[in-house]
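A.B. asks: Next input, structure requested:
(2 chains)
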2 protein chains.
Amino acid sequence: MPAFQPIGSIHSPFNRAEEALIESRRSTAASQVELLPEYERGLQDLEGFTHDILLYLFYQAEPGYELIVKPFLDEERHGLFATRYPRRPNPIGLSVVRLVRRDGRLLQVDGIDVLDGTPLLDIKPYVPAFDALPEASLGWLEGRV
Amino acid sequence: MPAFQPIGSIHSPFNRAEEALIESRRSTAASQVELLPEYERGLQDLEGFTHDILLYLFYQAEPGYELIVKPFLDEERHGLFATRYPRRPNPIGLSVVRLVRRDGRLLQVDGIDVLDGTPLLDIKPYVPAFDALPEASLGWLEGRV
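C.D. replies: Numbering: from 1, shown residues only, chains lettered A, B, ... in the order given. Take a look at the predicted model:
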């Protein structure tokens, strides 16, 4: 397993999990993704995509995890892998964001709901043919999002 | 940064990158996701979701990366973060798959295009309200997928 390292960080208005409303609704808060200078060239042509996928570390989640959890959106308990709960064996978070503007190695984005200072692991272009499945059904989340 | 560890592995018919047609189209090949026994309880309620997001390690990609790459779908070179190219600073892959059936800790899925033996990092439910953006535009991929 390679040693993963942050490639930048995410600046958001959220300092506490309750503020971030994690996964409770698509946020419209404006946030910034700041790439470390050595990766800036890798952003070339990103502007052509309206949306990106960000992978990041759930860095304020307590270490460890439980396999059955009560997520924010429910009173019932569910298997961890049927939730987007942050305490996971590999605490990697994923958000689809809208790219508002690129200024060098700063991306202005909206639609993210992570805590300020979140370490960034990867940026990928969002490609509807691979990633957009509006017909997917919702399991226990039905009626909650 | 926590030490990431595989939670299982993905079995697919693909043994070489060319066969996997990585990112070239949504695959309909049947594959299996095998969770390690200690995580099986975390799959409870996953059956309610028709689709899942898998995060995995691009394990056969050569170590290292270049910031400008020529991806499979184009003759031109693009910034790495505007592609889904496997050699990345943090070589984490992402696929949305359809969950066909769960048998204990084995998930029968289709729509995946990864190599046989790929180490699994995470399973998340696919939630259209967060993840489905059919209106997203395609950047340099326009007309290619």
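A.B. asks: list the contacts for A:Gln5?
C.D. replies: Listed by C-beta atoms under 8 Å, 6 or more residues apart in numbering or on different chains, the contact partners of A:Gln5 are B:Met1, B:Pro89, B:Asn90. Glycine gets a C-beta too; all of them are placed from N, C-alpha and C.
A.B. asks: Of the residues you listed, grab the buried ones for PyMOL.
C.D. replies: The buried residues among these can be selected in PyMOL (16 or more other C-beta atoms under 10 Å in any protein chain shown) with this line:
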select buried, chain B and resi 89+90
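A.B. asks: could you check the distance from A:Phe58 over to A:Ile10?
C.D. replies: Applying C-beta to C-beta, to the nearest Å, the value for A:Phe58 to A:Ile10 is 12 Å.
A.B. asks: Show me the beta-bridge partners of A:Leu94.
C.D. replies: A:Leu94 has these beta-bridge partners by DSSP bridges: A:Leu55.
A.B. asks: what's the burial count for it?
C.D. replies: When neighbours are defined as other C-beta atoms under 10 Å in any protein chain shown, A:Leu94 has 20 of them.
A.B. asks: Please apply the same query to A:Ala132.
C.D. replies: With other C-beta under 10 Å as criterion, A:Ala132 counts 20.
A.B. asks: ok, back up a step: looking at A:Phe58 and A:Ile10, which has the bigger crowd around it?
C.D. replies: Counted by other C-beta under 10 Å, A:Phe58 and A:Ile10 do not tie: A:Ile10 has more neighbours, with 26 against 22.
A.B. asks: Can you say which helix or strand has the more buried one in it?
C.D. replies: Using DSSP states H and E, A:Ile10 maps to strand A:8-11.
A.B. asks: and A:Leu121, that's in a helix?
C.D. replies: No - under DSSP: H, G, I helix; E, B strand; the rest coil, A:Leu121 falls outside any helix and is assigned strand.
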